[in-house]
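Trainee: Have a look at this prediction, sequence included:
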Amino acid sequence: MRILVVEDEHLIANSIKKGLTQENYAVDVVYNGTDAYDLASTEDYDLAILDLMIPGMDGLTICKELRKNNIHFPILILTAKGQIVNKVEGLDAGADDYLTKPFSFEELLARIRALIRRPKRSLDSVIAVDNLQMDTKSFQIKRGGVDVQLSSKEFSLLEYLMRNAGQTLSKEQIISHVWNYDADILPNTVEVYIKNLRNKIDNPFKKDPPLIHTVRGFGYKIERVKK
C-alpha cells in the first residue's frame, strides 16, 4: 500500500513516515502544497495524509482540485485546527476523515486502516488466491496452511499482486505502487523480487500449480491457471 504524507513540519512528517514504513507501507513525503498536488495528481496512491496549513497550495484547495479531477483515493486531513467549522470545511472539500494534532500514532493507524478498508476499494484485511492466503493485519501468509516468511518489501509486492489477481501488472506499475517515489530502483529490481516470491510461494509447493506468472513483454500477474 502506498501513502502520500503532506506535512510542512519536518519532524512530524518524518516521524509519520518512519512509523508507517515499519508497518510495511510505502511512503512518500512532501512539505508543501505544490509538490503535494503534483504527486497526488500523477502518482498512484492508496491514501493521502494531508495537513491543511502548508506553504503553497493549501490543503483545502488540494482536496477540491483532486476531487474535481476525479482523483478519489481516501484523504485524511491532519491539522492543528480543532474547531468544528474547520472539520466541516475539510470534509466538504472532499476529505474522508479528520485527525487533530496532537494525536497518537495508534489512532492514525486505525484511521488509515478504516479508510483503506472501504468497500469501493475492496480492501479486505484477509485476501486469497487459490490456497494462498494473506492477512494484512497480522502480516501472516500461508499456502495450503503452511506459513510463508517474506520480507516487508516482498510482502508489499505480493499484496499488490493479490489485490489485482488475474490482472497483468507492468514493472512500471509495480515500482510506482510498491516503492517510494524517490527510491533508487534498478531495472531488474522487480525481476529479483518476483524471483524471490516464486522461491517462497511457488517452488516449495511442487504439488500445487504455480501462481505467479510472467506475461512476456507486459509484466506479471498472480492467478491459478486452469489446465
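Mentor: Great, that's in hand.
Trainee: in the protein, which spans are strands?
Mentor: Remark: strands assigned in the chain by DSSP state E are 2-6, 26-30, 47-51, 75-79, 97-100, 126-129, 132-135, 140-143, 146-147, 212-215, 219-222.
Trainee: Can you list the strands that the second one pairs with?
Mentor: Here strand 26-30 is paired, per DSSP bridges, with strand 2-6 (parallel).
Trainee: mind saving the C-alpha coords of the strand it pairs with as PDB?
Mentor: Output in PDB follows, covering the C-alpha atoms of strand 2-6 (Å, rounded to 0.1, in the frame of the first residue of the first chain):
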ATOM      1  CA  ARG A   2       1.300   3.400  -0.900                       C
ATOM      2  CA  ILE A   3       0.700   6.600   1.100                       C
ATOM      3  CA  LEU A   4       1.400  10.200   0.500                       C
ATOM      4  CA  VAL A   5       2.200  12.300   3.600                       C
ATOM      5  CA  VAL A   6       1.900  16.100   3.200                       C
END
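Trainee: What residues sit buried inside that strand?
Mentor: 2-6 (16 or more other Cβ atoms under 10 Å). (Each C-beta comes from the backbone N, C-alpha and C, glycine too.)
Trainee: can you put the strands of the chain in TSV and add mean pLDDT and distance to E159?
Mentor: Listed next are the strands of the chain as TSV, based on pLDDT from 0 to 100; distance: least, Cβ to Cβ, whole Å:
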stretch	mean pLDDT	distance to E159
strand 2-6	95	11
strand 26-30	95	11
strand 47-51	95	14
strand 75-79	89	20
strand 97-100	88	22
strand 126-129	90	8
strand 132-135	94	6
strand 140-143	95	9
strand 146-147	96	17
strand 212-215	96	13
strand 219-222	95	10
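Trainee: The lowest-mean-pLDDT helix or strand in the chain versus strand 47-51: what angle between them?
Mentor: Sorting the helices and strands of the chain by mean pLDDT, DSSP states H and E puts helix 84-92 at the bottom, at a mean of 76. Here helix 84-92 points in a direction 150 degrees away from that of strand 47-51 (axes from the mean of the first three to the mean of the last three Cα atoms, to 10 degrees).
Trainee: Tell me what angle helix 84-92 forms with strand 75-79.
Mentor: Using the same axes, to 10 degrees: helix 84-92 against strand 75-79 is 160 degrees.
Trainee: Helix 84-92: how far from the chain's middle?
Mentor: 26 Å (Cα atoms, centre = their mean, to the nearest Å).
Trainee: Report all helices and strands that it contacts.
Mentor: Packing partners of helix 84-92 (3 or more Cβ pairs under 8 Å, 6 or more residues apart in numbering; DSSP states H and E): helix 59-68, strand 75-79, strand 97-100.
Trainee: can you tell which of these is closest to Q167?
Mentor: helix 59-68 (24.4 Å; Cβ to Cβ).
Trainee: related to what we said a few turns ago, so which of the helices and strands packed on helix 84-92 is the most surrounded?
Mentor: strand 75-79 (a mean of 24; mean count of other Cβ atoms under 10 Å).
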